[in-house]
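Novice: Everything below, folded, please.
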Amino acid sequence: MDLTRRSLLSFPLARIAINEKKPAVAESCSTTKRASRGTFFIRATASIATDTTPNTKFQRETQKHNLLRAIQDTQRGLIATSDQRSSIEEALVCVEGYDAGSPIDLVKLDGTWRLQYTSAPDVLVLLDSAARLPFFQVGQIYQKFECRDHSNGGTMRNVVRWSILSLLEEHEGATLLVSAKFSVVSKRNIYLKFEEVAIQNISISEELQAVIAPAVLPRTFLSMQILQSILGFRVEVPLRSSGRQSVGGLYYLSYLDGNMLLGRAVGGGGVFVFTKAQPLT
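Specialist: Residues are numbered from 1 along each chain as shown. Below you'll find the model as predicted:
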């Protein structure tokens, strides 16, 4: 669990400098990138016409489709080859060009976003652990933003569904939740201030339930108390205390619309591709 906690604390923290050019007609998309002293520079050249024209909307959706197609069969980035990562980077920058320089729309940002792809080592280590350990599973990974009624920030939660075979329900036997407050510090950057890590929503497997309270026997008061305690189990670990600075960092939102969110991280490195998901219960 220490490994999971370390991973989620840095997912995603980004300090990023962007050198963007707002494009003008949309047929080609070329990229230039250079790393220098831990800072990532991007120059995106995509010919984009007026954003409200039907032709431009079609081109934007085409570039988004190309990006989603490029990340297919990579297991959220875990098995992506170097050639695939290069193609994904090109497709990602093409999409980013359509939103370059636009302020963050908190109404669009509000909601639940499902992780589709990342190249961040801090997240890939979770997926790699699940691939290597036969008893450990990582299900869906989300970012949930609550900011619709705010003018300059809100709440962000990293949500990881995970499980231990034979003990918990498959893929979603428990939830790891990392909560943070965020504030908008520039057009495209938000500052995250992490507050708490929690494990909750425990759902034990039928096998374990049968051990605690066998179906062939009457369920005693003690066995029912044990089951209820497990289902209501929650562990919270604060990430800040009096006299100590809380964990935090910058997160660069490189693209945002009604159904796609792209982010970039530096330091730990990596990019993030999210799509809009149904609200979490």
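Novice: What are the boundaries of the strands in the stretch 1-150 of the chain?
Specialist: 29-36, 39-46, 111-118, 136-146 (DSSP state E, counting those that start in this stretch).
Novice: Show me which positions of stretch 135-153 end up buried.
Specialist: Buried residues in stretch 135-153, counted by 16 or more other C-beta atoms under 10 Å: Gln137, Val138, Gly139, Ile141, Tyr142, Gln143, Lys144, Phe145, Glu146, Cys147, His150, Gly153. Every residue, glycine included, has its C-beta placed from N, CA and C.
Novice: Tell me which two of these sit farthest apart.
Specialist: Gln137 and His150 (34.8 Å; C-beta to C-beta).
Novice: quick one: Glu90 and Leu167, what's the gap?
Specialist: As for Glu90, its distance to Leu167 is 43 Å (criterion: C-beta to C-beta, to the nearest Å).
Novice: my bad, should have said Leu127
Specialist: 20 Å.
Novice: When these two are compared, which one has more neighbours?
Specialist: A count of neighbours by other C-beta atoms under 10 Å puts Leu127 above the other of Leu127 and Leu167, at 19 against 14.
Novice: so the more buried one makes contact with Val138?
Specialist: Yes: counting by C-beta atoms under 8 Å, Leu127 touches Val138, with 5.9 Å between them.
Novice: For stretch 88-99, the averaged confidence score.
Specialist: If you average the pLDDT over stretch 88-99, you get 94.
Novice: same question, stretch 53-63
Specialist: 89.
Novice: Number the residues from 529 up from this point.
Specialist: With the count now opening at 529, the last piece we talked about shows up as stretch 581-591.
Novice: Now do the buried residues in that stretch.
Specialist: Quick answer for stretch 581-591 (16+ other C-beta under 10 Å): Thr584, Gln587, Arg588, Gln591.
Novice: Also stretch 780-789?
Specialist: Result for stretch 780-789 [16+ other C-beta under 10 Å]: buried residues Tyr780, Leu781, Ser782, Tyr783, Leu784, Asp785, Met788, Leu789.
Novice: Could you verify my assumption that Asn680 touches Val712?
Specialist: Yes: when contacts are counted by C-beta under 8 Å, Asn680 is listed as touching Val712 (5.1 Å).
Novice: Dump the buried residues of stretch 581-591 to JSON lines, plus distance to Ser614.
Specialist: Compiled in JSON lines, these are given as follows (distance: C-beta to C-beta, whole Å):
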{"residue": "Thr584", "distance to Ser614": "26"}
{"residue": "Gln587", "distance to Ser614": "22"}
{"residue": "Arg588", "distance to Ser614": "22"}
{"residue": "Gln591", "distance to Ser614": "16"}
